[in-house]
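# Here is a sequence with its predicted model. Questions after.
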Amino acid sequence: MAVESTQMVSTEFTNTNLEVLYSEEQIRTRIKELGQQITSDYANGDLVLVSVLKGSCVFLADLMRVIDLPLTIDFMSVSSYKDGMRSTGDVEILKDLSNSIRGKDVLVVEDIIDTGLTLSRLLDILGTRGANSIKLSSFLDKPEPRIKKELSIDYTGFVVPNKFVVGYGLDAAGRYRNLPFIAVVKDPSVA
Ligand code: IMP
Ligand code: MG
């Protein structure tokens, strides 16, 4: 059958340069738990999920479907300036929110917090806009390189080691966002 032969030649999901860290099944279970926690915490809120493009789009899509509350979503896109490999904390808003967050309960949805510089600047910007509350959810927390130690993540999917990870929205030079699992790239020069 045509479908079977397509699956046999596709090697992106079975790429031997990838070491799976969290499987699709583990991710599904964890996201459900986060959804239950958020549903209970925001039962009396006016929730808006603010997704930071592009990495968090997969997390947002799964998370929003396990939050059993009325809610809206909005998107922001920021570019963080890097000084070599490290982000400097300067961010430029490439795409701002479509709607006002005044009086709203904002839950920022991120893919991964690394140094925390980008998110901390973003939270400063959102903090000036009259929201009722602002909290942070991140699918992954990579605490070792953290510079903004005071940044607290209210809802974390998984804590990861200080390695470059891909999949489930996270990329390496634009690739791998479509992997349904989280993996470490064994040899980045091959990626
Ligand atoms: P920072 O917290 O300001 O250092 O920047 C975090 C951003 O860097 C994330 O939103 C990701 O886009 C990217 N990033 C950090 N670590 C990784 C990783 O391991 N894989 C893929 N992207 C990463
Ligand atoms: Mg990001």
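Right, received. Where do you want to start? Ligands and ions are numbered 1, 2, ... in the order given.

# Which residues of the chain lie near ligand 1?
Within the chain, the positions near ligand 1 by C-beta under 6 Å from any ligand atom are 55, 80, 87, 110-119, 142, 164-166, 170. (Each C-beta comes from the backbone N, C-alpha and C, glycine too.)

# Filter these down to just the ones in strands.
Cross-referencing these against strands under DSSP state E gives Ser80, Ser87, Glu110, Asp111, Ile112, Ile113, Val165, Val166.

# Which member of these is positioned nearest Ser98?
Of all those, Ser98 sits closest to Glu110, with 18.6 Å by C-beta to C-beta.

# you'd agree that closest one is up against Lys142?
No. Contact criterion C-beta atoms under 8 Å: Glu110 and Lys142 do not qualify, at 11.4 Å.

# Which of those two has more residues huddled nearby?
Glu110 (23 against 20; other C-beta atoms under 10 Å).

# Lowest pLDDT pick from the ones in strands among the residues of the chain next to ligand 1?
Of all these, Ser87 carries the smallest pLDDT score, 66.

# Just the mean pLDDT for the top helix by length along the chain, thanks.
Using DSSP state H to assign secondary structure, the helix with the most residues in the chain is helix 24-41. Helix 24-41 carries an average pLDDT of 98.

# Kindly report the same for stretch 168-176.
On average, stretch 168-176 scores 95.

# Next, see if that stretch gets close to ligand 2.
No. With C-beta under 5 Å from the ion as the threshold, stretch 168-176 lies outside contact range of ligand 2, at a closest distance of 8.1 Å.

# Now do the buried residues in that stretch.
Residues of stretch 168-176 classed as buried: Tyr168, Gly169, Leu170, Tyr176 (neighbour count, 16 or more other C-beta atoms under 10 Å).

# which sections of this structure are below the confidence cut-off?
For the chain, residues meeting the criterion pLDDT under 70 lie at 1-10, 81-89, 191.

# show me what contacts the most centrally placed residue in the chain?
Centroid-nearest residue in the chain, with C-alpha atoms, centre = their mean: Asp111, separated by 1.5 Å. Taking C-beta atoms under 8 Å, 6 or more residues apart in numbering as the criterion, Asp111 is in contact with Val52, Gly55, Ser56, Val58, Phe59, Ser138, Phe139, Leu140, Tyr168, Gly169, Leu170.

# So what's the residue count around the third one?
Okay, so that is Ser56. Applying other C-beta under 10 Å, we find 26 other residues in the vicinity of Ser56.

# Could you pull up the contacting residues of it?
Ser56 neighbours (C-beta under 8 Å, 6+ apart): Val109, Glu110, Asp111, Phe139, Gly169.

# Output these in CSV; the columns should cover distance to Leu34.
Putting the contacts of Ser56 into CSV (distance: C-beta to C-beta, whole Å) gives the following:
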residue, distance to Leu34
Val109, 10
Glu110, 13
Asp111, 14
Phe139, 9
Gly169, 15
